[in-house]
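Chemist: Requesting a structural model of the entry that follows:
(one chain, ligands or ions: 2)
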Amino acid sequence: MLPMTTDVPRIQTVDILIEGSTITNIGENLPEEGVDVIIDAVGKVVLPGFINCHNHGAMSLFRGYSLDLRLMEWLSQKIWPAEERLDADAVYWGTMLAAAEMIKSGTTTFADMYFFMDEVAQAVKDSGMRAALCQGLLFIDDQGERRLQSAQKLFENWQGKADGRITTMVGPHAPHTCPPDKLKEVMDMARCFDCPIHIHLAETVEEVEHIFHHYGKSPVKYLYDLGMFEDHHCLLAHAVNVSRDDMYLLRGFRGGISHNPVSNQKLGCGVAPVVELRKMGITVALGTDGAGSASTLDMFEEIKATAWMQKNRAADPTAIKAYDVLRMATIEGAKALGLEQEVGTIEVGKRADLILVDVEKPHLYPRTDICALLAYSANGADVDTVIIHGQVVMEQRRLRCMDEKEVLRKAQRAACRVILGQQSEFPI
Ligand SMILES: CSC[C@H]1O[C@@H](n2cnc3c(O)ncnc32)[C@H](O)[C@@H]1O
Ligand SMILES: [Zn+2]
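Modeler: Residues are numbered from 1 along each chain as shown. Ligands and ions are numbered 1, 2, ... in the order given. Predicted coordinates:
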């Protein structure tokens, strides 16, 4: 196993004992008496499950729909009109589709910001995943107040539910969709619930220009001056277009950044200064964003994209190493969500959120440096078995908590309804 507990890679050949939802012992040749289920991990590498720190799960319904546009055109002309046709059933099956894909590619925890959060939470409960959920709070129409009430209901109904697999956050969408008075209200709400804040920040140059035009400062400085980084735990999605001054303002803030490189590349947003942020001691985790922009929810793709983009940005292949990026996908993700006491490493006392990666494959031979093979050569289809909260949710690539065919069928039907506005099928 690769426990991700140390700053440098440490591979151990050991047994892992799980009792209930918790890892209770790690060691060589642990006794088998009284153990109900034994999983033989020969030929596999056991890792902590990946933590996808920024997603809009039900946007998996928009995969392949409306591509090759700038962010604000994509959102305002295509996605937001389609999202008006969303209903509870569509969000449930869209999130189940996302959960199926995430589990099958090794993700055990995800952060989600969306609408119809009762259905998102139900899908998390049913799929067996762990998630940090927030109602998306946009104030661009007359629905802002209703969304604030939904955020309160999400906290009241779901915080700590599904055996503790669900936690909640407060989710102002972005500086350009939330006016300052609403951001203050949202910060009060986060303080009152003792919840983290999850927000998109500095994703595009257009956002930076928009905020500069209205407030005469950068998006980071705008949130800083509002007091967002004073005492709140914040999860900042993107932070691509940040200056050196912005980075100094962020130094020491509680929480972390979700770097989402595939979505950033696809939308032409730029390359986040990950190496510099990390050098300043800022936690940088990984996320996919919704499959509408990222196209897949496979964290192995984010791991590779991070490595390639940062090496290229620095014109230096030593700028970020395979193990650094694996840490960003695991323990750094746990820190960004405030869940580092629970998940992110394989340690006695932590929740049993583990993945078994099958390395008996041509593209993972010869057995040289395991970290390099996992970060640069493996892909989601190499994940064989997934355990979340002590429960085996996938074994030999078969999902155990959902009927995969039903999920595909129901998601297809929902996507037709939401995108086409009717029950008809897409032309092939
Ligand atoms: C308020 S719920 C989430 C909201 O965000 C939209 N969205 C999806 N991807 C992005 C992105 O990359 N940047 C900003 N906003 C995004 C989604 O469509 C929902 O409306
Ligand atoms: Zn997003």
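Chemist: Just the helices from the stretch 101-250 of the chain, written as ranges.
Modeler: With DSSP state H, counting those that start in this stretch, the ranges of helices along the stretch 101-250 of the chain come out as 117-127, 144-158, 180-193, 205-215, 219-226, 228-231, 244-250.
Chemist: Could you work out which of those helices reaches nearest to Ser60?
Modeler: Distances from Ser60 to each of the helices of the stretch 101-250 of the chain were compared using CB to CB; the shortest belongs to helix 117-127, at 11.0 Å. The way it works is simple: take the backbone N, C-alpha and C, and place the C-beta from them, glycine included.
Chemist: Any chance you could list what contacts stretch 118-129?
Modeler: The set of residues that contact stretch 118-129 without belonging to it, under CB atoms under 8 Å, 6 or more residues apart in numbering, is 57-58, 88-89, 91-92, 95-96, 99-100, 102-103, 107-110, 112, 114, 130-131, 133, 153-154, 157-158, 161-162, 165-166, 388-389, 391, 393, 400-402.
Chemist: and the residue of the stretch 101-250 of the chain at minimum distance from ligand 1, how many residues sit next to it?
Modeler: In the stretch 101-250 of the chain, the residue that lies nearest ligand 1 is Gly136 (2.0 Å; CB to the nearest ligand atom). When counting by other CB atoms under 10 Å, one arrives at 21 neighbours for Gly136.
Chemist: what do you get for Leu133?
Modeler: Other residues near Leu133 come to 25 when the count uses other CB under 10 Å.
Chemist: and it, what does it touch?
Modeler: Contacts here follow CB under 8 Å, 6+ apart; on that basis Leu133 touches 111-113, 117, 120-121, 124, 154, 158, 166-169.
Chemist: hang on, the earlier thing: closest one to Glu406 among the helices of the stretch 101-250 of the chain?
Modeler: Using CB to CB as the measure, helix 117-127 is the one of these that comes nearest Glu406, at 11.4 Å.
Chemist: So that closest one, near ligand 1 or not?
Modeler: No - in this structure, helix 117-127 remains apart from ligand 1 according to CB under 6 Å from any ligand atom; the gap is never smaller than 9.7 Å.
Chemist: mind listing what's buried in that helix?
Modeler: Within helix 117-127, the residues that qualify as buried by neighbour count (16 or more other CB atoms under 10 Å) are Met117, Asp118, Glu119, Val120, Ala121, Gln122, Ala123, Val124, Lys125, Ser127.
Chemist: how about JSON lines for those residues, with pLDDT and distance to Ile370 added?
Modeler: Converted to JSON lines, the buried residues of helix 117-127 look like this (pLDDT from 0 to 100; distance: CB to CB, whole Å):
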{"residue": "Met117", "pLDDT": "98", "distance to Ile370": "39"}
{"residue": "Asp118", "pLDDT": "98", "distance to Ile370": "42"}
{"residue": "Glu119", "pLDDT": "98", "distance to Ile370": "39"}
{"residue": "Val120", "pLDDT": "98", "distance to Ile370": "35"}
{"residue": "Ala121", "pLDDT": "98", "distance to Ile370": "36"}
{"residue": "Gln122", "pLDDT": "98", "distance to Ile370": "38"}
{"residue": "Ala123", "pLDDT": "98", "distance to Ile370": "33"}
{"residue": "Val124", "pLDDT": "98", "distance to Ile370": "31"}
{"residue": "Lys125", "pLDDT": "98", "distance to Ile370": "34"}
{"residue": "Ser127", "pLDDT": "98", "distance to Ile370": "29"}
